[in-house]
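Trainee: A predicted structure for the sequence below; I have some questions about it.
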Amino acid sequence: MDFDVNLMRDDRCTLVRVKGDIDVVSRARFEQALFEVVESGEPLVVDMREVTFCDSTGLNAIVAANRRAGERGTAVHLVALPPRVQRVFRITGIDKFIPIYDTLREALGELPSTTR
């Protein structure tokens with residue numbers, strides 16, 4: 001499956017929509033998108049509903065982005081992980097320190113009303 005990543009900004013966060021496999025082939029594009037948002041200081045919401053696979057390089061990119069976001073006083077929020085992908089996050093324990101929401105509405109409800 002083709003990989004695609006799109007950024008959509010609004011006044012409260014940047015939404016990163018991801019489609020396809022997050023693996024060694026797509027990691028660089030995925031990581032670049034995450035870090036672009038993190039470096040801006042905006043809260044980051046990653047919509048993963050169309051992710052079909054996530055390997056250790058994808059997990060690493062998310063953990064690194066979350067660490068950097070924390071250093072900048074913001075956070076990474078994950079949304080709509082398919083069961084197969086969510087299982088990987090559960091097994092590795094990443095779900096213990098990066099919030100995962102079932103819906104975009106839930107994630108947005110946890111964000112501050114304004115970022116600046």
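Mentor: Yes, it's here.
Trainee: buried stuff in the one helix or strand Glu39 maps to?
Mentor: Counting by DSSP states H and E, the element that carries Glu39 is helix 27-40. Within helix 27-40, the residues scored as buried using 16 or more other Cβ atoms under 10 Å are 27, 30-31, 33-35, 37-38. In this view, the C-beta of every residue, glycine as well, is placed from N, C-alpha and C.
Trainee: can I get those in a markdown table with distance to Glu71?
Mentor: Output for those, formatted as a markdown table (distance: Cβ to Cβ, whole Å):
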| residue | distance to Glu71 |
| --- | --- |
| Arg27 | 21 |
| Phe30 | 20 |
| Glu31 | 16 |
| Ala33 | 18 |
| Leu34 | 14 |
| Phe35 | 12 |
| Val37 | 14 |
| Val38 | 9 |
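Trainee: which stretches of the chain form helices?
Mentor: 27-40, 56-71, 83-92, 104-109 (DSSP state H).
Trainee: pLDDT on the second one, on average?
Mentor: It stands for helix 56-71. On average, the pLDDT along helix 56-71 is 96.
Trainee: again, but for the first one
Mentor: With pLDDT averaged residue by residue, helix 27-40 scores 96.
Trainee: report the angle between the axes of that helix and helix 56-71?
Mentor: Angle of helix 27-40 versus helix 56-71, following axes from the mean of the first three to the mean of the last three Cα atoms, to 10 degrees, is 10 degrees.
Trainee: Show me how far helix 27-40 is from its chain's centre.
Mentor: With Cα atoms, centre = their mean, to the nearest Å as the basis, helix 27-40 stands 10 Å off its chain's centre.
Trainee: picking up where we left off before, against which helices or strands is the helix holding Glu39 packed?
Mentor: Helices and strands touching helix 27-40, as assessed by 3 or more Cβ pairs under 8 Å, 6 or more residues apart in numbering; DSSP states H and E, comprise strand 4-9, strand 14-22, strand 44-54, helix 56-71.
Trainee: count of neighbours near Leu15?
Mentor: 21 (other Cβ atoms under 10 Å).
Trainee: how close does Gln86 sit to Leu78?
Mentor: 9 Å (Cβ to Cβ, to the nearest Å).
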